[in-house]
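**Q** Have a look at this prediction, sequence included:
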Amino acid sequence: MKKATAISPANIAFIKYWGKKDKKLRLPMNSSVSMNLSNIFTKTTVEFLPNLTRDEIIFLGEEVMEKEKERVVKHLERIRKRARIKTKARVVTKNNFPKATGLASSAAGFAALTLAGTVAAGLKLSKKELSVLARLGSGSACRSIPDGFVEWKKGTSSATSCAYTLFPPDYWDIQDIVVIVGRKKKKVSSSEGHKLAPTSPFFKTRISSMEPKVKTIRRLIKKRRFTDFGELIERETINMHTIMMTSKPPIFYWSSKTLEIMKAIWEWRQKGMEVYFTIDAGPNLHLICQRKDEKRIMLRLKKITGIRKIVSNKPSNGAHLVDIHF
Ligand code: PMV
């Protein structure tokens with residue numbers, strides 16, 4: 001068996017996944033649409049070694065809880081079952097961004113683990129099969145497998161719930177400026193949040209609006225209609241966060257800084273600077289703009305106090321193998 005290393009990007013959802021139809025299989029209540037990010041990624045090396053008596057999981061540069069390691073071991077079990085092997089593995093992984101702050105670390109992590117793990121186990125899976133398998137580790141990870149702009153079709157079974165490329169990365173030169181305002185680990189994980197979603201009195205209404213929204217975003221990306229696209233993704237973010245805030249118990253992922261930046265964006269727009277925000281399960285914001293405006297927006301952000309880090313991303317390819325191992 002060989003050693004394999006994969007790099008996988010995080011992805012930002014424009015139409016979001018919040019709420020599961022099947023918890024165990026991680027089947028979503030609705031389809032979602034995302035873009036892979038060029039500068040936020042996980043690199044993972046997997047090697048199955050006959051002399052190991054248990055899986056060895058090493059997260060470089062960060063401390064992880066036992067629970068997280070167990071999730072990795074569970075995913076290795078899925079890979080072993082598929083490859084019909086029993087050999088334990090050594091996994092070394094590194095994120096280039098803070099984990100559990102709503103920056104889709106589990107998406108990048110499980111997509112990289114799926115690709116490196118299956119190749120190391122001698123499997124040759126199609127992109128579709130990889131996407132299905134990644135989904136079992138973390139739902140949104142299935143969207144980090146295909147390239148560029150991606151749709152995760154909710155499907156009707158495990159085999160049909162997977163992501164595919166809508167448009168390649170160079171189809172549209174939009175930019176995602178990630179604004180990190182908090183590095184603390186979030187109190188409610190997205191797995192917990194998905195479970196609470198149906199307790200919101202607005203959840204049914206949200207779900208009934210999702211498939212038309214997915215159809216619309218597909219059309220807006222295809223036609224590169226930035227204004228309509230931006231307005232829709234912003235409404236979608238607020239819609240999802242309303243579900244979070246009205247769950248029982250409620251979840252508030254935004255901090256006061258998040259809100260301050262949201263308001264600044266609305267002001268900038270009124271003054272003619274076209275930029276929109278989207279926010280996942282954390283306080284950090286993704287500012288979506290056209291590449292021609294990127295520099296000016298970065299300059300404005302530098303004037304806001306309390307921002308910890310800014311990472312600007314182009315649309316990128318999905319998970320891929322690399323030759324340099326850990
Ligand atoms: O894949 P999970 O369980 O980390 O859920 C992702 C949830 C959101 O990031 C909030 C939305 C999305 O579609 O990425």
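**A** Noted; the coordinates are in hand. Since this is a predicted model, take the numbers as computed values, not measurements.
**Q** so what pLDDT did Leu130 get?
**A** Leu130 is assigned a pLDDT of 98 by the prediction.
**Q** what helix or strand is it on?
**A** Using DSSP states H and E, Leu130 sits within helix 127-137.
**Q** so does that helix get close to the ligand?
**A** No - against the ligand, helix 127-137 shows no contacts by Cβ under 6 Å from any ligand atom, the least distance being 8.6 Å. In this view, the C-beta of every residue, glycine as well, is placed from N, C-alpha and C.
**Q** And the residue in the stretch 51-200 of the chain positioned nearest to the ligand, how far from Thr227?
**A** Nearest residue of the stretch 51-200 of the chain to the ligand, counting by Cβ to the nearest ligand atom: Ser140, 3.3 Å away. Note on Ser140: its distance to Thr227, by Cβ to Cβ, to the nearest Å, is 26 Å.
**Q** okay, the two: which has more neighbours?
**A** Ser140 (29 against 11; other Cβ atoms under 10 Å).
**Q** Quick check: which element contains the residue nearest to the more buried one when sequence neighbours are not counted?
**A** Sequence neighbours aside, Ala107 is the residue nearest to Ser140 in space, at 4.2 Å (criterion: Cβ to Cβ, 6 or more residues apart in numbering). Ala107 belongs to helix 105-120 when assigned by DSSP H and E.
**Q** For that helix, C-alpha coordinates in CSV please.
**A** What follows is helix 105-120, C-alpha atoms only, in CSV (Å, rounded to 0.1, in the frame of the first residue of the first chain):
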residue,chain,number,x,y,z
SER,A,105,-12.6,23.2,8.5
SER,A,106,-14.4,19.9,8.6
ALA,A,107,-15.3,20.2,4.9
ALA,A,108,-11.7,20.7,3.8
GLY,A,109,-10.5,18.1,6.4
PHE,A,110,-12.8,15.3,5.4
ALA,A,111,-12.4,15.9,1.7
ALA,A,112,-8.6,15.7,2.0
LEU,A,113,-8.9,12.6,4.2
THR,A,114,-11.3,10.9,1.8
LEU,A,115,-9.0,11.4,-1.2
ALA,A,116,-5.7,10.7,0.5
GLY,A,117,-7.2,7.7,2.4
THR,A,118,-8.8,6.0,-0.5
VAL,A,119,-5.8,6.3,-2.7
ALA,A,120,-3.5,5.1,0.1
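**Q** Briefly note if it comes near the ligand.
**A** Yes - applying Cβ under 6 Å from any ligand atom, one finds helix 105-120 touching the ligand at 106-107.
**Q** Show me the shaky parts of the stretch 51-200 of the chain.
**A** Low-confidence segments of the stretch 51-200 of the chain (pLDDT under 70): 98-104, 185.
**Q** circling back to that earlier point, angle of the helix holding Ala107 against helix 127-137?
**A** Per axes from the mean of the first three to the mean of the last three Cα atoms, to 10 degrees, the angle that helix 105-120 makes with helix 127-137 is 130 degrees.
**Q** Centre of the chain to helix 105-120, how far?
**A** 13 Å (Cα atoms, centre = their mean, to the nearest Å).
**Q** And stretch 140-150, by the same measure?
**A** Relative to the centre of its chain, stretch 140-150 is centred 8 Å away, using Cα atoms, centre = their mean.
**Q** List the contacts of the residue nearest to Ser140.
**A** 8, 10-11, 138, 140-141, 143-144 (Cβ atoms under 8 Å, 6 or more residues apart in numbering).
**Q** Save these as TSV, and put in secondary structure too.
**A** Below are those laid out as TSV (DSSP: H, G, I helix; E, B strand; the rest coil):
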residue	secondary structure
Ser8	strand
Ala10	strand
Asn11	strand
Ser138	coil
Ser140	helix
Ala141	helix
Arg143	helix
Ser144	helix
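**Q** How about Lys309, nearest residue that isn't a chain neighbour?
**A** Ile180 (4.2 Å).
**Q** how far away is the one you found from Val72?
**A** Remark: distance between Ile180 and Val72 (Cβ to Cβ) = 24 Å.
**Q** now the angle from the lengthiest strand in the chain to helix 105-120?
**A** If each strand of the chain is counted by residues according to DSSP state E, the longest one is strand 32-48. If you take the same axes, to 10 degrees, strand 32-48 sits at 50 degrees to helix 105-120.
**Q** Give me the packing partners of strand 32-48, helices and strands only.
**A** Judged by 3 or more Cβ pairs under 8 Å, 6 or more residues apart in numbering; DSSP states H and E, the packing partners of strand 32-48 are strand 3-15, strand 89-95, helix 105-120, strand 149-153, strand 174-180, helix 203-222, strand 309-313.
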